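Peer 1: Test case, fold it:
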Amino acid sequence: MGKQDEGLRSSRLVFYKEDVEKIEKVLGQFLKSANAKCALLVDKDGHLVTKQGESGTYDMDTISALVAGSFAATKQMAKLLGEEEFSIMFHQGRKDNIQLSLVGERTILAIIFDDKTTLGMVRLYASQVSSKLASLFDDIAARKSEAETISKDFGQAAKSKLDDVFGS
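Peer 2: Sure, this is the predicted structure:
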């Protein structure tokens with residue numbers, strides 16, 4: 001396995017059912033507080049991690065891919081302007097609006113809302129939910145690191161025992 005493969009593997013997001021349930025709870029509380037319609041958590045590769053709220057007729061897979069693409073294009077624009085990355089984007093429509101917020105290093109929070117709330121409310125609560133999710137992701141990463149250490153130790157112990165059995 002090359003260095004690039006190892007880098008991709010180590011930065012990969014792995015969520016278990018319990019993780020997704022915690023994320024969904026945080027997003028559900030956010031929707032109530034901000035009075036937004038729908039919240040999506042998308043990884044930077046364009047995969048939908050989870051969603052909460054009313055999605056109506058939206059094609060979530062397409063929206064997820066476009067959210068990631070929009071963030072990737074905006075990252076290049078930011079670099080041209082001397083910024084590393086823009087962490088928040090906002091698109092306003094006649095009926096619906098969408099705010100995109102970077103959460104941690106690998107995920108984007110997409111919030112769909114209408115005129116039942118304000119951009120200020122969405123931004124205020126999005127900032128808070130982003131912090132909660134980032135903290136949750138740190139806990140998940142720590143668990144992943146611990147599991148990798150245990151797995152590596154187990155592999156070494158198993159190899160040693162096999163060497164003993166087969167006299168290698």
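
Peer 1: Could you find the closest non-adjacent residue to Phe113?
Peer 2: Ala36 (4.0 Å; Cβ to Cβ, 6 or more residues apart in numbering). For glycine as for every other residue, the C-beta is placed from the backbone atoms N, C-alpha and C.

Peer 1: and the helix or strand Lys32 falls within, what other elements does it pack with?
Peer 2: Secondary-structure assignment from DSSP states H and E places Lys32 in helix 17-34. Secondary-structure packing of helix 17-34 (3 or more Cβ pairs under 8 Å, 6 or more residues apart in numbering; DSSP states H and E): strand 38-43, strand 48-53, helix 119-166.

Peer 1: show me the contacts for Leu124.
Peer 2: Counting by Cβ atoms under 8 Å, 6 or more residues apart in numbering, Leu124 touches Ala34.

Peer 1: do Arg94 as well
Peer 2: Taking Cβ under 8 Å, 6+ apart as the definition, Arg94 has no contacts.

Peer 1: need the contact list for Val26.
Peer 2: Contacts of Val26 (Cβ under 8 Å, 6+ apart): 129, 132-133, 136.

Peer 1: Of those residues, which is the most crowded?
Peer 2: Of all the contacts of Val26, the most densely surrounded is Val129 (24 neighbours; neighbours counted as other Cβ atoms under 10 Å).
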